[in-house]
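Enquirer: 3D model of this:
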Amino acid sequence: MGDKVMYEISLRRFLGLYALYARMDLDFLVRDARLSLMAIAADGLSNAASVSGVFLLSQRFGGIGGMSRWDVLFMLGYVTCVTGLYQLFFSGNNTGHISRRIGRGQVDHMLVQPLPLPVQLATEGFIPFTGCQNLLFGIGIIVWALRGAGHSVGAAFAAGTAGYLFVSLAIIIGLSYLFSSLAFKRQVAFEEIASTVVDDLTGMLSNYPLSAMPPPVQWTLITVVPAGLLGWFPACALLGQAPLGLSALYPLAVAVVIWALAALAFKKGLKYYVKYGSNRYNAGGHRR
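Expert: Below you'll find the predicted structure:
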């Protein structure tokens, strides 16, 4: 029995951890409800502002690049849902912006916990009360767009949308962890690299319809910088036609490749970190 793993990782255990972090998030909300609601409202307004420019352009010109105004609105709702899912499951404790925890020497705190590191990373970011606003906002936009376009929604469409959302979220997390692996050796230089990767993908590039762009630009934004897989490609595929003659499963293939590279890089970086530790602390235990 002494060699038995202390915690058996099961679905019940995962749900228990999610419940724990949900309770902590609720405690944070009610401790200062006024400040929390102001922060939630500000975040919602910021997200609305980030999509309103493209939406207004599509309204003014009746669409963009062959996509109707309702198609563009659906794409913007999809992107907002991706952002919302990221905030819901990975905003707490910087589990999505993992380079911050690496760069600040906080991985040490995780390695001494009686839970495997992947389990901690999968559950600690859950903030259902203060992080759900963008997901709800995105769902509302999608419903509005589908009603405006007269698009019928069946079980297959709903399942496809959920599947694409999961894949887009996986791409963001995979890229965050892939680039954050650089922080294991260069903690000061790369502490905020996850913020740059995530914010540029979800806040800047993914909001634009690429249908009118030249093919080289389209290919670049679904390969080298896969921002097009967080909005444009899934929206087009869900509305009837995957772009560039590619399979509808192309985003899944990209997600698998990114996760394989991220797992390899993160594992290698973690081995280095375990061996050499953090360079952010002096002998007295204070961070430089």
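
Enquirer: hey, let's count contacts and neighbours off CA atoms from now on
Expert: Noted.

Enquirer: Against His109, how distant is Tyr272?
Expert: Counting by Cα to Cα, to the nearest Å, the gap between Tyr272 and His109 amounts to 16 Å.

Enquirer: out of these two, which sits in the busier spot?
Expert: Applying other Cα atoms under 10 Å to Tyr272 and His109 shows that Tyr272 carries more neighbours, namely 13 against 9.

Enquirer: Please identify the helix or strand for that one.
Expert: Element membership of Tyr272, judged by DSSP states H and E, is helix 250-276.

Enquirer: quick one: buried residues of that helix?
Expert: For helix 250-276, a neighbour-count test (16 or more other Cα atoms under 10 Å) marks 251-252, 254-255, 258-259, 261-263, 265-266, 269-270, 273 as buried.

Enquirer: just checking, what packs against that helix?
Expert: Judged by 3 or more Cα pairs under 8 Å, 6 or more residues apart in numbering; DSSP states H and E, helix 250-276 is in contact with helix 155-180.

Enquirer: so how far is the helix it packs on from its chain's centroid?
Expert: The gap between the average C-alpha position of helix 155-180 and the chain average comes to 8 Å, counting by Cα atoms, centre = their mean, to the nearest Å.

Enquirer: avg pLDDT for the helix or strand that it is followed by?
Expert: For helix 155-180, the following helix or strand on the C-terminal side (DSSP H and E) is helix 193-200. Averaged across helix 193-200, the pLDDT comes to 87.

Enquirer: Show me the contact partners of helix 193-200.
Expert: By Cα atoms under 8 Å, 6 or more residues apart in numbering, the list of residues contacting helix 193-200 from outside reads Gly96, His97, Ile98, Ser99, Arg100, Ile172, Leu175, Ser176, Tyr177, Phe179, Ser180.

Enquirer: Contact partners for the last one?
Expert: Okay, so that is Ser180. Ile98, Ser99, Ile102, Phe190, Glu191, Ile193, Ala194, Phe266.

Enquirer: Could you dump the residues you listed into JSON lines with distance to Asp27 added?
Expert: Converted to JSON lines, these look like this (distance: Cα to Cα, whole Å):
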{"residue": "Ile98", "distance to Asp27": "24"}
{"residue": "Ser99", "distance to Asp27": "27"}
{"residue": "Ile102", "distance to Asp27": "27"}
{"residue": "Phe190", "distance to Asp27": "32"}
{"residue": "Glu191", "distance to Asp27": "29"}
{"residue": "Ile193", "distance to Asp27": "30"}
{"residue": "Ala194", "distance to Asp27": "28"}
{"residue": "Phe266", "distance to Asp27": "33"}
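
Enquirer: Can you list the low-confidence ranges for the stretch 151-288 of the chain?
Expert: Low-confidence segments of the stretch 151-288 of the chain, defined by pLDDT under 70, are located at 202-203, 280-288.

Enquirer: And for the stretch 1-150 of the chain?
Expert: For the stretch 1-150 of the chain, the stretches flagged by pLDDT under 70 are 1-9, 57, 61.

Enquirer: now do 80
Expert: Using pLDDT under 80 as the threshold, the predicted model of the stretch 1-150 of the chain has low-confidence ranges 1-10, 33, 36, 39-40, 42-66.

Enquirer: At which residues are the helices of it located?
Expert: Along the stretch 1-150 of the chain, the segments classed as helices by DSSP state H, counting those that start in this stretch run 11-31, 33-61, 69-90, 98-103, 107-111, 117-123, 133-149.

Enquirer: Skipping adjacent residues, who's closest to Phe28 in space?
Expert: Nearest residue to Phe28, sequence neighbours excluded (Cα to Cα, 6 or more residues apart in numbering): Ser36, at 7.9 Å.
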